[in-house]
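[1] Requesting a structural model of the entry that follows:
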Amino acid sequence: MYRYFFKRFFDILLSLIAIVILSPLYLIIVVCVRIWMGSPILFSQERIGKGEKIFKMYKFRSMTNAKDENGNLLNEQQRLNKFGIMLRSTSLDELPELFSILMGNMSIVGPRPLRACDLPYFKENERVRHSVRGGLIPPDGLSLEPITTYEEQFEYEVDYVNNISLWLDLKVIFYTLIILFKRVNENYGIDERPHLKEYRIKQGFEIK
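    All right, here's what the predicted structure looks like:
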C-alpha cells in the first residue's frame with residue numbers, strides 16, 4: 001500500500017510544504033548564484049525517469065562561465081568557486097528538484113536519476129532501478145559514505161526497489177542527514193566522479 005499510494009501522497013505533501021517553507025532560501029540562492037555564477041540561474045539536463053522515460057531535471061548552477069583564451073569553457077574543476085563548492089557540499093543546488101517531485105517526475109527517496117545518455121550503459125540487472133521514480137535522496141546514503149562507486153550505488157538502489165517501505169525511506173533520510181555533515185567537513189563539492197557512460201566505456205562495457 002505504501003509503495004503504490006502513500007509514497008506518492010507523502011511526496012506531494014512534503015515537497016509542497018518544503019517549497020513553501022524554503023521559499024526565502026530559494027530567493028537568497030537565486031541572488032547569490034546570479035552574483036557569483038552569472039546566468040542562467042538554473043542548470044537543466046535530461047535524466048532517466050520511471051519506466052526509462054526521459055524528463056528534464058533542474059538544479060541551481062554551481063559552476064561559472066569561465067573560459068580559456070580561445071573562448072572555450074574551462075573544465076568543471078576550474079569553473080568551481082567557493083560558493084559552488086558550498087552549494088554542492090550542502091546539496092542546496094538540488095533544491096529545484098522539489099518541483100520535479102511535486103510534478104511527479106521524481107520522489108523524495110529513490111534511485112538517483114542519471115543522464116539520458118547513460119541509459120545504454122546499465123547492466124540488465126541494474127535497470128530495475130528505473131521501475132520506480134528517481135529520488136532527490138538516494139538510498140546509497142545507507143553506506144554512510146559521501147561518495148560510492150557505481151557498483152555500490154546500484155547495489156543499494158536495486159535492494160531499495162525490492163524492499164520499499166516507509167521505514168526504509170525514513171532510514172535513508174536519517175542516514176543522509178549524517179552524510180551531509182561529512183560532505184561539508186570533507187569538502188565534497190570538489191570531488192569528481194566520472195559519468196556512468198565514460199566509466200563503463202573505460203571498463204570496456206559493450207552495448208547490447
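
[2] Helices of this protein, residue ranges please.
    7-21, 23-36, 76-79, 82-90, 97-103, 150-162, 166-185, 196-203 (DSSP state H).

[3] Format these as CSV; extra columns: mean pLDDT and distance to Gly135.
    C-beta: built from backbone N, CA, C; applies to glycine. Shown next, in CSV, are those (pLDDT from 0 to 100; distance: least, C-beta to C-beta, whole Å):
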stretch, mean pLDDT, distance to Gly135
helix 7-21, 97, 9
helix 23-36, 95, 20
helix 76-79, 76, 24
helix 82-90, 87, 18
helix 97-103, 97, 8
helix 150-162, 97, 9
helix 166-185, 87, 8
helix 196-203, 93, 17
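
[4] nearest to Arg61, of those?
    Among the helices of the chain, helix 23-36 comes nearest to Arg61, with 6.1 Å by C-beta to C-beta.

[5] Run the angle between that closest one and helix 7-21 for me.
    With axes from the mean of the first three to the mean of the last three C-alpha atoms, to 10 degrees applied, the angle from helix 23-36 to helix 7-21 works out at 70 degrees.

[6] buried sites along helix 23-36?
    Under the neighbour-count criterion of 16 or more other C-beta atoms under 10 Å, helix 23-36 has 29, 32-33 buried.

[7] Likewise for stretch 37-45?
    37, 41, 43.

[8] pLDDT added to those residues, as CSV?
    Shown next, in CSV, are the buried residues of stretch 37-45 (pLDDT from 0 to 100):
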residue, pLDDT
Met37, 86
Ile41, 94
Phe43, 92
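
[9] Of the buried residues of helix 23-36, which is the nearest to Leu80?
    Val33 (13.3 Å).

[10] about what we covered before: for Asp169, state which of the buried residues of helix 23-36 is nearest.
    Of the buried residues of helix 23-36, the one sitting nearest to Asp169 (C-beta to C-beta) turns out to be Ile29, at 25.9 Å.

[11] OK, contacts around that closest one?
    Counting by C-beta atoms under 8 Å, 6 or more residues apart in numbering, Ile29 touches 60, 87, 92, 95.

[12] Please report the number of neighbouring residues for the last one.
    Under the neighbour criterion other C-beta atoms under 10 Å, Leu95 is assigned a count of 20.

[13] Over to Phe154?
    With other C-beta under 10 Å as criterion, Phe154 counts 22.

[14] And the residue nearest to it when sequence neighbours are not counted, how far from Glu157?
    Spatial nearest neighbour of Phe154, excluding adjacent residues (C-beta to C-beta, 6 or more residues apart in numbering): Glu126 at 4.6 Å. Separation of Glu126 from Glu157 (C-beta to C-beta, to the nearest Å) stands at 8 Å.

[15] what does Leu102 give?
    Where Glu157 is concerned, Leu102 sits at a distance of 22 Å (C-beta to C-beta).

[16] Same check on Leu80?
    27 Å.

[17] Settle it for me: which of those two has more neighbours?
    Applying other C-beta under 10 Å to Leu80 and Glu157 shows that Glu157 carries more neighbours, namely 23 against 20.
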